[in-house]
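In: From the sequence below, what's the structure:
(one chain, ligands or ions: 2)
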Amino acid sequence: MDNSKYSKVCLPVMRLIIYTGKGGVGKTSTSAATAYRLSKLGYRTLLMSTDSAHSLGDSLGIDLGNEIKTVSKNFDAFEIDIIHEMKTKWTDIQSYVADFMVSQGMGSITAEEMAIFPGMEMISALFYVNQFNEGGNYDVIVMDTAPTGETLRLLSLPEAANWYVMKFYGPLKKLMALARATLGKVSNIPLPNAEVMDSIDVLKDTMMNVSQILDDPQRTSVRLVLNPEQMVIKETMRAYTYLSLYNRNVEMLVVNKVYTDEMLASEPFRMKAKEQAGHIETIHNAFDPMEIKICSMRNTELRGLEMLDVMAEDIFGSEDPAMTYSNESPMSFRTEGDTDLLVMKMPFIEAADVELFRVDATSLMVHVGSQKRNIHLPDSLISAEILGADFIDNELIIRFKREQYGDR
Ligand SMILES: Nc1ncnc2c1ncn2[C@@H]1O[C@H](COP(=O)(O)OP(=O)(O)O)[C@@H](O)[C@H]1O
Ligand SMILES: [Mg+2]
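Out: Numbering: from 1, shown residues only. Ligands and ions are numbered 1, 2, ... in the order given. Purely as a prediction, here's the structure:
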């Protein structure tokens, strides 16, 4: 490829680009197109799918197994096969859970059965992100995800895991030391052995590292793929709300399968022209000033890499897909006079949809619709008195009394 017309950004650290959206909108195609373009720009690129409905291979026109395969120069891809992952990577924890089940009279559990827990693919994917970040194998990871609420929620998992670990892990370790010294067993529950505890340690460290990557809006972007259809737009708006709640940087919309003017001029689609224009206007009204990319509907039989090239050209033109289009964190801390503010962006909802709880001195719980997030307060706000909360211009603003020197 003649790279002279393409701009390229400088990536000091591994970049992570996550595509999500409703089923069938074109996540896999868009992810693959993005990854292929990145590889051609010279980035060492990994395309990873966490969708158990494996279609990455189809989109690339190659046969992918459960190991990483090289598609073309600088371009590796794989689909996470969670049963394979369970059997090879999670053996300690899996056998502990199996022992635990037996001890509770529930019969054993196989790797296949454990693999059905929702979101396991995503957890595995986060492990790979950590591994490749540490190994420096790739410049960019593009993640193609499953179209479920689970995926959204799991993007907040590292943070939640840290919270659990802080709450329970320390006490559990103490309890185990005590139990080993005295009883050997606590009732009939088998204690996790050293290997399991090591696995939990690894889990804890991994989640901590991954949370740092996910929390950095310069490094990690979420991009929402959608089609100009009413239901899809609604669902995309909801996803944006939840992703903001989880503090993920949503910096692009890809409106895919947009009929071209030529198509709309022809008889079968003429009726659609006005409808589609209306939907695109709705998208702009809802999401401006976010970066909105349009990708045309194709009716040609382009397959494999050739199709991906066409899509990438449509979406990115001469831009570098690795660029961070906007790097604003949905959650921020500010100071105003003698109050400290925690500000959370909450698009498309109203004050009545939000519930706020103080869990303890160190954390807050925010509920929005069916989703909730536990927010760990920074050291400066631990134990600070909450003066109140307001909901202004789609921002939840929580006011804390500033600690005065000498207050403690
Ligand atoms: N711009 C497009 N024009 C025509 N067909 C498309 C376009 N984008 C995706 N498709 C087709 O739509 C189907 C679903 O796309 P896919 O990328 O697998 O979606 P998802 O991963 O969101 O389920 C596939 O058959 C794909 O080839
Ligand atoms: Mg897909």
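In: Would you agree Lys87 is in contact with Met114?
Out: No: here Lys87 lies out of contact with Met114, judged by C-beta atoms under 8 Å, at a distance of 9.8 Å. From N, CA and C alone the C-beta is placed, and that goes for glycine too.
In: Which one of these two is surrounded by more residues?
Out: Met114 (19 against 16; other C-beta atoms under 10 Å).
In: was I right about that one contacting Glu85?
Out: No: counting by C-beta under 8 Å, Met114 does not reach Glu85; the two are 10.2 Å apart.
In: what do the two both touch?
Out: Here Met114 and Glu85 have Met120 as joint contacts, going by C-beta atoms under 8 Å, 6 or more residues apart in numbering.
In: So Lys5 versus Asn193, what's the distance?
Out: Between Lys5 and Asn193 the computed distance is 59 Å (C-beta to C-beta, to the nearest Å).
In: Against Leu305, how distant is the residue of the stretch 1-150 of the chain found nearest ligand 2?
Out: Closest approach between the stretch 1-150 of the chain and ligand 2, counting by C-beta to the ion: Thr28, at 3.3 Å. Computed as C-beta to C-beta, the Thr28 to Leu305 distance reads 14 Å.
In: Give me the more crowded residue out of Lys5 and Asn193.
Out: More crowded of Lys5 and Asn193, by other C-beta under 10 Å: Asn193, with 14 against 8.
In: what's the neighbour count on the nearest residue to that one once chain neighbours are set aside?
Out: Using C-beta to C-beta, 6 or more residues apart in numbering and skipping residues adjacent in sequence, the residue nearest Asn193 is Tyr96, 7.4 Å away. Neighbour count for Tyr96, taken as other C-beta under 10 Å: 20.
In: Would you agree Tyr96 is in contact with Val196?
Out: Yes: Tyr96 is within contact range of Val196, at 4.4 Å (criterion: C-beta under 8 Å).
In: mind checking how far Ser72 is from Gly136?
Out: Distance from Ser72 to Gly136, by C-beta to C-beta: 21 Å.
In: Settle it for me: which of those two has more neighbours?
Out: Ser72 (14 against 10).
In: doesn't the residue nearest to Asn193 fall inside a helix?
Out: Yes: looking at Tyr96 with DSSP: H, G, I helix; E, B strand; the rest coil, it is inside a helix.
In: What distance do you get for it to Tyr242?
Out: Distance of Tyr96 to Tyr242, given as C-beta to C-beta: 32 Å.
In: Where does the residue of the stretch 1-150 of the chain closest to ligand 2 fall, secondary structure wise?
Out: In this assignment (DSSP states H and E), Thr28 forms part of helix 27-40.
In: check contacts around the residue sitting nearest the centre point of the chain.
Out: For the chain, the residue sitting closest to the mean C-alpha position, by C-alpha atoms, centre = their mean, is Leu155 at 3.8 Å. Going by C-beta under 8 Å, 6+ apart, Leu155 touches 18, 122, 214, 222, 243, 246, 248.
In: partners of the closest residue to Ala389 other than its chain neighbours in the sheet?
Out: Counting by C-beta to C-beta, 6+ apart, Ile398 is the residue found nearest to Ala389 once chain neighbours are left out, at 4.7 Å. Beta bridges link Ile398 to Leu342, Ala389, judged by DSSP bridges.
In: now do Ile292
Out: Where Ile292 sits in a bridge, its partners, by DSSP bridges, are Leu253.
In: By proximity to ligand 1, which residue of the stretch 201-350 of the chain wins?
Out: Arg298 (3.8 Å; C-beta to the nearest ligand atom).
In: That residue: helix or strand, and which one exactly?
Out: Per DSSP H and E, there is no helix or strand for Arg298.
In: hmm, stretch 262-281 touching ligand 1?
Out: No: using C-beta under 6 Å from any ligand atom, stretch 262-281 stays clear of ligand 1, coming no nearer than 10.6 Å.
In: buried ones in that stretch?
Out: Residues of stretch 262-281 classed as buried by neighbour count (16 or more other C-beta atoms under 10 Å): 263-264, 276, 279-280.
In: Beyond the helix holding Thr28, next helix or strand please.
Out: Next element after helix 27-40 (DSSP H and E): strand 45-49.
In: for that following strand, packing partners?
Out: For strand 45-49, the elements it packs on are helix 27-40, strand 75-79, helix 120-135, strand 140-144, judged by 3 or more C-beta pairs under 8 Å, 6 or more residues apart in numbering; DSSP states H and E.
In: 10 Å instead, please
Out: When contacts are defined as 3 or more C-beta pairs under 10 Å, 6 or more residues apart in numbering; DSSP states H and E, strand 45-49 packs onto strand 15-20, helix 27-40, helix 56-60, strand 69-72, strand 75-79, helix 120-135, strand 140-144.
In: List just the one of those that sits closest to ligand 1.
Out: Nearest to ligand 1, of those and by C-beta to the nearest ligand atom, is helix 27-40 at 3.3 Å.
In: does any part of the closest one sit near ligand 1?
Out: Yes: Helix 27-40 reaches ligand 1 (C-beta under 6 Å from any ligand atom) through 27-29.
In: residues near whichever residue of the stretch 201-350 of the chain sits closest to ligand 2, how many?
Out: The nearest approach of the stretch 201-350 of the chain to ligand 2 comes at Val225, 9.4 Å away (C-beta to the ion). Using other C-beta under 10 Å, Val225 is surrounded by 28 other residues.
In: Could you check the angle the helix ranked longest in the chain makes with strand 140-144?
Out: When the chain is parsed with DSSP state H, its longest helix is helix 194-215. Put simply, helix 194-215 runs at 100 degrees to strand 140-144, going by axes from the mean of the first three to the mean of the last three C-alpha atoms, to 10 degrees.
In: Pull the contacting residues for Ile294.
Out: 228, 253-258, 260, 280, 283, 314-315 (C-beta atoms under 10 Å, 6 or more residues apart in numbering).
In: Nothing else from me, thank you.
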